[in-house]
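Engineer: sequence and computational prediction follow.
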Amino acid sequence: MPNCRAQVAAQELSIYSFLSGTVSPLGVLKGGFAAAVTTPLDVAKTRIMLAKAGSSNASGNVLAALGDIWRTQGLSGLFAGVVPRMAAISLGGFIFLGTYEKTRQLLL
């Protein structure tokens, strides 16, 4: 009898390990998607932070900064740096969610 219980426990653990392993790839996808969607806001924030005193972006108006970028550089200006940003945030999501799931597994 103890052998059967041990086998069932080992089988449940291996199923749980397989399912918990899917968290990290999902973290990559979720992080990459969030990074891509929020890139225009990040570009506007960076332009505002680097604006010289007295310029139109120095006022801190995000919508005005987005409109200025759209008029001068178009869609490519709004999504400038999207690939490196997606890569960095995806890697962060992979590490964070994978670590979280393994720690949760160890504590429970």
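Structural biologist: That came through fine.
Engineer: I'd like the average pLDDT over the helix or strand that contains Val37.
Structural biologist: Applying DSSP states H and E as the criterion places Val37 in helix 23-50. In this model, helix 23-50 has an average pLDDT of 87.
Engineer: ok, now stretch 79-97?
Structural biologist: 88.
Engineer: helices of the chain, start to end?
Structural biologist: Under the criterion DSSP state H, helices of the chain are mapped to 2-21, 23-50, 62-78, 82-107.
Engineer: quick one: which of the ones you listed is nearest Ser56?
Structural biologist: Ser56 lies closest to helix 62-78 among the helices of the chain, at 6.5 Å (Cβ to Cβ). For the C-beta atoms, the positions are set from N, CA and C on the backbone; glycine is no exception.
Engineer: quick one: buried residues of stretch 66-82?
Structural biologist: Of all the residues in stretch 66-82, those buried under the rule 16 or more other Cβ atoms under 10 Å are 66, 68-69, 77-80, 82.
Engineer: could you export those as TSV, including distance to Gly32?
Structural biologist: Output for the buried residues of stretch 66-82, formatted as TSV (distance: Cβ to Cβ, whole Å):
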residue	distance to Gly32
Leu66	22
Asp68	27
Ile69	22
Gly77	21
Leu78	17
Phe79	13
Ala80	17
Val82	10
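Engineer: please identify which pair of those lies farthest apart.
Structural biologist: Farthest pair in those (Cβ to Cβ) is Asp68 and Val82. Separation: 18.6 Å.
Engineer: who touches stretch 58-72?
Structural biologist: Contact with stretch 58-72 is made by 40-41, 43-45, 47-48, 51-52, 56-57, 77-78, as judged by Cβ atoms under 8 Å, 6 or more residues apart in numbering.
Engineer: mind doing that once more with 6 Å?
Structural biologist: Around stretch 58-72, the neighbours that count as contacts under Cβ atoms under 6 Å, 6 or more residues apart in numbering are 44, 47-48, 51, 57, 77-78.
Engineer: tell me how far the residue sitting nearest the centre point of the chain lies from Ala65.
Structural biologist: Nearest to the mean C-alpha position of the chain, by Cα atoms, centre = their mean, lies Gly31 at 2.3 Å. Distance, Gly31 to Ala65, using Cβ to Cβ, to the nearest Å: 25 Å.
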